[in-house]
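Colleague: after the sequence you'll find the predicted model.
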Amino acid sequence: MRHQRKRHKLGRGKGHRASTLAALSSALIKHKRIRTTVPKAKALRPFVEPLITRSKEDTPHNRRQVFRHLRSKEAVSELFNEVAVQVGDRPGGYTRIVKLGMRAGDGAELAMIELVDYNDVQPETGGGRSRSRTRRGSGKGRRRRKRGGTQAETQEAQPTTTTTEVEDQSVTPDDAMKAGAATEAVETPVDDAQAEPVQERTEDAPQGIEPEAADEAQEATEAAAAEEPEAAADEPEATDEDDKKDS
């Protein structure tokens, strides 16, 4: 029977699969973080974590056993000299897999596998879980979105009037005119030196005429009024005889 023989085949034979995992493990140890597909990341985790556990005890035998899987002297030195020190007393779980979504070219599901001790902050994932919807409910939701949302959403979308807006609407035009007149009446004080002399206008001056023209017109009327009594004095007074002749 083939019990507990299920593994990540990766579409490769035994030798090809071992070479692929060795290359991925060496890259992970050197760069502390790599991006690959989800099946490869899941196959890499049970392959590289036992090697990290073995590196905690630096002995020639352990180095030979690790080299048998990694096949890279640089990766073995990096693992025993640096990664083992950073891992410390962690009992396991040295790696973390974060899904990044689909690849644009072939639609493969990508993932990032990294060493936990070199990054304490988990990055944001590309694919989030969407809420499960039934076929009947999803159709209603689409129709509601086309119509402009549900009743609660439309109520939230409508602007709410504040107290200040209500107070502004309650002001009548007469009150606004009074308020405007009051504001116009209040003026800032002006110094006597800066103040310009204001020419007084006469009462007889018509509207729309400048003060100088109004003064000239007033003088002309006064002169005409003064000449009328003199002309009346030059004329002879009418006597009773003249009246009889006229009659």
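Modeller: That came through, no problem. Numbers count the residues shown, from 1 in each chain.

Colleague: and the helices in this structure?
Modeller: 14-31, 38-55, 60-70, 73-78, 84-87, 135-147, 151-157, 163-169, 173-185, 211-234, 240-246 (DSSP state H).

Colleague: out of the ones you listed, name the one with the poorest average pLDDT.
Modeller: Ranked by mean pLDDT, the helices of the chain end with helix 163-169 at the bottom, a mean of 46.

Colleague: which residue is the nearest non-sequential neighbour of residue 78?
Modeller: Residue nearest to residue 78 in three dimensions, not counting chain neighbours: residue 29, with 5.2 Å by CB to CB, 6 or more residues apart in numbering. Where C-beta positions appear, they are placed from N, C-alpha and C, glycine not excepted.

Colleague: that neighbour touches residue 75, doesn't it?
Modeller: Yes: using CB atoms under 8 Å, residue 29 makes contact with residue 75 at a distance of 4.9 Å.

Colleague: wait, residue 49 sits on residue 91?
Modeller: No: applying CB under 8 Å as the test, residue 49 and residue 91 come out as separate, 11.1 Å apart.

Colleague: which of the two has more neighbours?
Modeller: residue 49 (15 against 7; other CB atoms under 10 Å).

Colleague: who are the neighbours in contact with that one?
Modeller: Neighbouring residues of residue 49 by CB atoms under 8 Å, 6 or more residues apart in numbering: 92, 93, 94, 95.

Colleague: of these, keep whichever come out buried.
Modeller: Among the contacts of residue 49, the ones that count as buried by 16 or more other CB atoms under 10 Å are 94, 95.

Colleague: and which of the contacts of residue 49 is nearest to residue 9?
Modeller: residue 95 (20.6 Å; CB to CB).

Colleague: separation between the closest one and residue 69?
Modeller: Residue 95 is 15 Å from residue 69, where distance means CB to CB, to the nearest Å.

Colleague: sorry, back to before: take the contacts of residue 49 and keep only those in strands.
Modeller: Among those, the residues falling in strands (DSSP state E) are residue 95.

Colleague: and the two most separated of the contacts of residue 49?
Modeller: Most distant of the contacts of residue 49, by CB to CB, are 92 and 95, 9.9 Å apart.

Colleague: now residue 88. Nearest residue, chain neighbours left out?
Modeller: Nearest non-adjacent residue to residue 88 (CB to CB, 6+ apart): residue 117, at 7.5 Å.

Colleague: count of residues packed around the one you found?
Modeller: 16.

Colleague: what's near enough to touch it?
Modeller: Contacts for residue 117 (CB under 8 Å, 6+ apart) come out as 86, 87, 88, 90, 94.
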